[in-house]
Every structure is written in structure tokens, then in C-alpha cells.
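J.: Sequence and predicted model, in that order:
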Amino acid sequence: MTSCVQCIEYIMVFVMIAAAVFAVEWKDLLAAVVGMAAVSLVASILFFFLQAPDVAMTEAAIGAAMSAAVFIFAIKRTQRYETEEEERPGWWIRW
Amino acid sequence: MNISVYYFGAISLILTGLYAVLVKRNLLKILVGLSIMETGVNLLLISIGYIAGRSAPILSEGVGPNKAVDPIPQALVLTAIVIGVATTALALTVAINLYETYKTLNVEELRRLRG
Amino acid sequence: MVMKRAIAILTLLIIGYWMASALANVPFGADKMLVGQYYLDHVKAQTGAVNAVTAVVVNYRGFDTLGEVTVLFIASTGVAALLWRRKRERTAKTEGSVVLTTGSRLLFPFIVLFGAYIFIHGHLTPGGGFPGGATIATAFLMLYLAFSTYEIPHRGFEITEGLAGMGYVAVGLVGLAVGGYFLFDWIWQSWGWGHANIGRLFSAGFIPVIYTIIGIKVGTELSGIVDSMVKEGGE
């Protein structure tokens, strides 16, 4: 079992990109907010690997806690699911 | 063309956020994409300032001034993260007010309303 | 529909290829510091701080931090102004369980203490004013989530936030009066306090003073944003 330090970086970047793609794709908006908080959390770990502890702390405190909380309060006051409606003629037709 | 994995990750985040802003129709999903784009830009800024083999820019014992990473991109990103969350909160309150007035969050519907 | 997605993905791939070929000229991990080397060489003598990032944010580029504090203030005022109704109240219906209420009431002072520790030691350890203020706001958010009728004392928080903002400008104006320019570090350079103990708590000029002001301001501001967004009300 060889131990490579670079494998950790590759795995983290892959998890981050997967969480971002899922956050954009899911129809349930609460799940999308959880995906966005996961992107923020893995970015905070990557900041630590790049030798930036101040930025890692700030991103963890603000991105994972405050940003997600503000989104959830906004979802509470609007709707939770994205609705798929039929496609109308494009925006260049005005009435 | 051979770029590092950090550059690749940051560019992928920016492109994913931009895809959500261009294609999606729900206003809250567009704001999720905008927030992911800001995280990607911050990651790109910090990974440009990294110097291999050096340590964090806190000059305690053992870390001299020529064994530390660049401190200026970290100072810029520290400011940018906090401003990002403030503008996201302001955009979300505008979305809440839009929902309470027009009862829809679909940007194509909102584009057709007048007055 | 499919046309729109195809054009969007094609545009994104072109933008991605352009960015990647531009970044191939910036080698990852090579030494490209120009101004940063000057700051790293002179940070202990000119500012007295051990944390170079904190010294750049508060001392060398302090005016940009004043601009950021202004942007945060405008955002918080904008959120409160857009969500203003005549009568606002919390509409939570389920009270938390006994474990949640007791645990959060026990944990709240320790989280506030930890946030204060982060911004007081900003010139020695990583962190500074902004994560410290965000931690304090997280403590108030936890109290909002645990109790169904908790509200922060809104009046007191607004007065504290305004006084902290004026305090930052007052520190800068005292620097203008003593030295030659706005935000001159008069504690380190005129009075000469703390030259003997670099690396301990009482050093680094006005960096702890300004970070205490910023920590209080950011904490009360983010709590105010949370409070405005939670309450619903009729006209």
C-alpha cells in the first residue's frame, strides 16, 4: 500500500466538483443548499492544504454556517420545489 | 496543456456556477449558482499565490521571512468572502419580496410582467 | 429547449478552454512574489504583528477594510429596510426538545467566548475579526433555532453596531491628528507601546483595537440579518 499525498488532493477536488454538479441539478431546493454548503466545506479543507489558515477559518465559519442559514430562511418564505413548466416561445417575442 | 489540479477544480466550479446562472429558471437556483461561482473564484486566487515547499505566513519561531507563502492574495480573499455573503443575503431578500408580490419565482414569467 | 442547453454548454467549454490556456502561463508553486516579499521582510519591525495576513489587512491596506465594513453595513441596512412590515413576529410553531434547549443554553457562553478569543488574538494566531464575528453570530443563530420565541434585543444591537462603526473611523481620525495620514498607527509608532514583547498579547499597535471593533460589528450585523429574515408579519 503506497502512501501518496497527492491522492488526497485529487479525491477532494473530485468530491467538490461532484457536490457542485449535484447542487445545480437537484430539484429540491433544500438539497441544493446542502450541496452548496458541502462545496464550501471542501473548499475550506483545500484552503488549508494551500497553507492559508485565516482564509480556511473564515470560509468554514461564513460559507458553511451563515450562507446556508440565510438561504434556508429564504426557502421558508417562498417555495421549496422547483416547478417545471412548459416551454413558452422565447424571450424575443413580447406581448 | 498541463495545469495543476487546483486550477482545474477552481475553473470547474466557475463553469458549473455559470451554467446554473445561464440555464436554470428558478430564481433561488440562479443564486445558488452565483454563490458557487464566488467560491470558485476565491479558490483560484489563493492557488495562484501558493509557493511549493513553504509554510503559512505566520512568522513565529522557525518560519523566517523567506519561508512563507504570499500573504497578499489571502488578505484579498478574506475580504471577498464576507462581501459575498452580504450580497447574497441582500439578493435573497429581493427574491422574497418578489415572491410575496407576484406569487412566482420563474424568471420567464417575471420578465413578462409590466407594472 | 435543447438548443438553449447545447449553446450554453458549448459557450462554457469555449470559456473553460480559454481560461485553462491562460493559466498554463502561471506555473503552480513557483516563486512570483513582488510586493509580498517586502511585506514579509518588514512586518515585524514596522507593525509588530506576527501574523502577516492580519497586518496586511489592517495596517498596510487598512482603508480597504474600512470599505468592506461599509459594504457590510449597507447590506445589513438594506435587508432590514426591504423586509420592513408594520408588525413582525416569529411564526415558529414547534418548541425544541428538552435536550436541545438545555444544551444550547449551556453552550452559548462558550461559543461567544471562543469567538472573542479569535478576534482578540488576531495578530498572533490565524483568524482575526471576521471569523470571530461570524462565530458570535452563529451562537445567536443557534439560540434562534432552539427556542421558538427567542428574539435578540434589536434596539441594543443597532446602537452597538453604529457605535462600533463610528469607533473605527474615530481610530483613523486620531491617527490623522497625531501622524500625517488617516489610519496612522499611533500606538506603535508614536507612543512606542509593546516594542519589547513581539509575539505576546500586548503588542502590534492598534491591530487588536481595530479587530475588537470589527468583531463586535460583524457579529451584531449578521445577527441582525438573521433576525430580519426570520420574522414574518402582516401589513
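T.: Yep, that arrived.

J.: Regarding chain B, what is its longest helix?
T.: Longest helix of chain B, by residue count under DSSP state H: helix B:72-102.

J.: in the helix or strand just after that helix, what counts as buried?
T.: Toward the C-terminus, helix B:72-102 is succeeded by helix B:107-112 as the next helix or strand (DSSP states H and E). When neighbours are counted by 16 or more other Cβ atoms under 10 Å in any protein chain shown, no buried residue of helix B:107-112 is found. From N, CA and C alone the C-beta is placed, and that goes for glycine too.

J.: Check stretch B:78-98 too.
T.: Within stretch B:78-98, the residues that qualify as buried are B:78-82, B:84-93, B:95-96, B:98, counting by 16+ other Cβ under 10 Å.

J.: which residues does the closest residue to residue C:60 other than its chain neighbours contact?
T.: Here the nearest residue to residue C:60 in space, its sequence neighbours aside, is residue C:39; by Cβ to Cβ, 6 or more residues apart in numbering or on different chains that works out to 6.4 Å. Residues in contact with residue C:39, defined by Cβ atoms under 8 Å, 6 or more residues apart in numbering or on different chains, are B:71-72, C:52, C:55-56, C:60.

J.: Can you tell me the element the most centrally placed residue in chain A falls in?
T.: When chain A is reduced to its mean C-alpha position, the nearest residue by Cα atoms, centre = their mean turns out to be residue A:36, at 1.9 Å. Assigned by DSSP H and E, residue A:36 belongs to helix A:29-49.

J.: Give me the residues contacting the lowest-mean-pLDDT helix or strand in chain C.
T.: For chain C, using mean pLDDT, DSSP states H and E, the weakest element among its helices and strands is helix C:186, scoring a mean of 81. Outside helix C:186, the residues that touch it by Cβ under 8 Å, 6+ apart are C:174-175, C:178-179, C:206.

J.: Equivalent analysis for stretch B:78-92, please.
T.: Surrounding stretch B:78-92, the residues in contact under the criterion Cβ under 8 Å, 6+ apart are A:54-55, A:58-59, A:62-63, A:66-67, A:70-71, A:73-74, B:28, B:31, B:34-35, B:38, B:41-42, B:45, C:53, C:57, C:64-65, C:68, C:71-72, C:75-76, C:78-79, C:82, C:128, C:130, C:134, C:218, C:225, C:229.

J.: What subset of those residues is buried?
T.: Among those, those scoring as buried are A:54-55, A:58-59, A:62-63, A:66-67, A:70-71, A:73-74, B:28, B:31, B:34-35, B:38, B:42, B:45, C:53, C:57, C:65, C:68, C:72, C:75-76, C:78-79, C:128, C:130, C:134, C:218, C:225, C:229 (criterion: 16+ other Cβ under 10 Å).

J.: name the element the residue lying closest to residue C:160 once chain neighbours are set aside belongs to?
T.: Counting by Cβ to Cβ, 6+ apart, residue C:220 is the residue found nearest to residue C:160 once chain neighbours are left out, at 5.2 Å. Using DSSP H and E, residue C:220 sits in helix C:207-230.

J.: secondary structure class for residue C:106?
T.: What DSSP: H, G, I helix; E, B strand; the rest coil gives for residue C:106 is helix.

J.: where does chain B have its least confident helix or strand?
T.: When the helices and strands of chain B are compared on mean pLDDT, DSSP H and E, helix B:107-112 comes out lowest with a mean of 79.

J.: Okay, now the unreliable bits of chain C?
T.: Low-confidence segments of chain C, defined by pLDDT under 70, are located at C:1, C:234-235.

J.: could you pull out the strands for it?
T.: Per DSSP state E, chain C carries no strands over any range.

J.: for chain A, what are the nearby residues on it?
T.: On the criterion Cβ under 8 Å from any Cβ of the partner chain, chain A has as its neighbours in chain C the residues C:1, C:51, C:53-54, C:118, C:126-128, C:130-131, C:134-135, C:137-138, C:141, C:222, C:225-226, C:229-230, C:232.

J.: Report the buried members of the residues you listed.
T.: The neighbour-count test (16+ other Cβ under 10 Å) applied to these identifies C:51, C:53-54, C:118, C:126-128, C:130-131, C:134-135, C:137-138, C:141, C:222, C:225-226, C:229-230 as buried.

J.: and the gap between the residue nearest to residue C:60 and residue B:94?
T.: Summarising the geometry, the distance separating residue C:39 from residue B:94, computed by Cβ to Cβ, to the nearest Å, is 39 Å.

J.: Could you tell me which ranges of chain B sit under the pLDDT cut-off?
T.: With pLDDT under 70 as the threshold, chain B has low-confidence stretches at B:113-115.

J.: Residue nearest the middle of it, spatially speaking?
T.: residue B:38 (0.9 Å).

J.: what helix or strand does it sit in?
T.: Counting by DSSP H and E, the element that carries residue B:38 is helix B:27-48.

J.: Do any residues in that helix lie close to chain C?
T.: Yes - contact check for helix B:27-48 against chain C, using Cβ under 8 Å from any Cβ: residues in range are B:47-48.

J.: Which residue is the nearest non-sequential neighbour of residue C:36?
T.: When the adjacent residues along the chain are set aside, residue C:36 lies closest to residue B:70, with 4.3 Å between them (Cβ to Cβ, 6+ apart).

J.: which regions of chain A lie under the pLDDT threshold?
T.: Along chain A, the model assigns pLDDT under 70 to residues A:1-3, A:84-95.

J.: so how far is residue C:216 from the residue nearest the centre of chain C?
T.: Residue closest to the average C-alpha location in chain C (Cα atoms, centre = their mean): residue C:130, at 2.5 Å. Residue C:130 sits 12 Å away from residue C:216, taking Cβ to Cβ as the criterion.

J.: and if you look at residue C:79?
T.: Taken as Cβ to Cβ, the spacing of residue C:79 relative to residue C:216 amounts to 19 Å.

J.: What of residue C:184?
T.: In terms of Cβ to Cβ, residue C:184 sits 23 Å off from residue C:216.

J.: can you check residue C:86 too?
T.: Computed with Cβ to Cβ, the distance linking residue C:86 and residue C:216 is 30 Å.

J.: Of the two, which one has the most company?
T.: Taking residue C:86 and residue C:216 together and counting by other Cβ atoms under 10 Å in any protein chain shown, residue C:216 has the greater number of neighbours (22 against 7).

J.: Tell me, how many residues neighbour the closest residue to the more buried one other than its chain neighbours?
T.: Beyond its immediate neighbours in the sequence, the residue positioned closest to residue C:216 (Cβ to Cβ, 6+ apart) is residue C:164, lying 4.9 Å away. In terms of burial, residue C:164 registers 22 neighbours under the definition other Cβ under 10 Å.
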